[in-house]
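Asker: need a structure here:
(one chain, ligands or ions: 1)
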Amino acid sequence: MNVKVAKTAGFCFGVERAVNKVYEEIEKSEGKIYTFGPIIHNEEVVKDLEAKGVSVINTEDELKNLESGTVIIRSHGVPKHIYDILSEKGLKVVDATCPFVKKIHKAVSEESGKGRHVVIVGDPTHPEVLGIMGWCVTDNFTIVKNAVEANELIFENNMKISIVSQTTFNYHKFKEIVEIITKKGYDIFVINTICSATEERQKEAAEIASSSDAMIVIGGKSSSNTQKLYEICLKECANTYYIQTLDDLDLRQLELLQNVGITAGASTPKKIIEEVQKRCQKR
Ligand code: F3S
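Answerer: Next up, the predicted model:
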């Protein structure tokens, strides 16, 4: 059997970097380690970290109650005032904010500092967007999540606007929103802050699925990006299987097949991908 694993399967650069930072910290830190929110949405990884003494704190109040230890900031980033709390409390900080997200923090801070109104295109409930909001130096910002909201925007005529986006936002939808705002005639500065990792993963998955007899998609059942990958692969290959771990793999389904492709969602650890790959190759 030929087994082809997508190069983009699993963690993106920013998530891999964040997870590695936690494991590095376990090696060298003597005190208690906390992550502010789960480092990734993968139960296996979070459980493994818990077993190694890493606790998850979820709220600002929990953070304020900490007396000592190391706090790791995950790849989504956090609002500026969280850093202020951390430094006031004298806690050690390991900042695993993805550098692409950091760039947005810097941009909104500068743009709002110049007196421009910042439009953040993204999901207002997503931690990354909440973090970005927290780097605007004034309340002079608006979150726009879709074209309907963009159509409803009304600013003063002389308003200068700078537009950024959540890193995982769909590029076509972002373009549509920017066009709607542009037509309103404001002075606009657009900073495209979309990260291509998700799109590249989807593109590669479709390519591999289209030339495979069967396609295996690995990821948590509740992971929306894995579900999307599954749909994309299914369109290209009718024998597409969605599994969470090696235990879900039914090799009988792959009998007599020549070419099998494998991809995985953004929160699937490399270890699980390799296990599945090895099992398929051994068949
Ligand atoms: Fe990942 Fe960073 Fe892009 S966390 S999706 S590489 S913005």
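Asker: for the ligand, what are the nearby residues on the protein?
Answerer: Residues of the chain found near the ligand (C-beta under 6 Å from any ligand atom) are 12-15, 75, 98, 100-101, 167-168, 195, 197-198. Any C-beta I mention is one placed from the backbone N, CA and C, and that applies to glycine too.
Asker: apply 8 Å and report the result again.
Answerer: Applying C-beta under 8 Å from any ligand atom, we find that the chain lies next to the ligand at 11-15, 17-18, 75-76, 98-101, 167-168, 195-198, 266.
Asker: residue of this protein closest to the ligand, please.
Answerer: Of all residues in the chain, the one sitting closest to the ligand is Gly14 (2.4 Å; C-beta to the nearest ligand atom).
Asker: ok now do the closest residue to that residue other than its chain neighbours, which residues does it touch?
Answerer: Using C-beta to C-beta, 6 or more residues apart in numbering and skipping residues adjacent in sequence, the residue nearest Gly14 is Cys98, 3.0 Å away. Counting by C-beta atoms under 8 Å, 6 or more residues apart in numbering, Cys98 makes contact with 13-15, 17-18, 75-77, 167, 195.
Asker: what about those residues, which are in helices?
Answerer: Among the contacts of Cys98, the ones falling in helices (DSSP state H) are 13-15, 17-18.
Asker: what subset of those residues is buried?
Answerer: The neighbour-count test (16 or more other C-beta atoms under 10 Å) marks 14-15, 18 as buried among the ones in helices among the contacts of Cys98.
Asker: mind listing the strands for the stretch 1-150 of the chain?
Answerer: Ranges of strands in the stretch 1-150 of the chain, per DSSP state E, counting those that start in this stretch, are 2-5, 33-36, 54-57, 70-73, 92-95, 117-121, 141-144.
Asker: which residues are contacting the helix or strand harbouring Glu204?
Answerer: If you go by DSSP states H and E, Glu204 is part of helix 197-210. Residues external to helix 197-210 that are found in contact with it (C-beta under 8 Å, 6+ apart): 4, 6-9, 12-14, 168, 171, 215, 217, 225, 228-229, 232-237, 240, 261-263, 266.
Asker: distance between it and the chain's centre?
Answerer: Counting by C-alpha atoms, centre = their mean, to the nearest Å, helix 197-210 is centred 16 Å from the centre of its parent chain.
Asker: and the next helix or strand past it?
Answerer: Using DSSP H and E, the helix or strand that follows helix 197-210 towards the C-terminus is strand 214-218.
Asker: and that next one with helix 197-210, angle?
Answerer: When axes from the mean of the first three to the mean of the last three C-alpha atoms, to 10 degrees is applied, the directions of strand 214-218 and helix 197-210 differ by 150 degrees.
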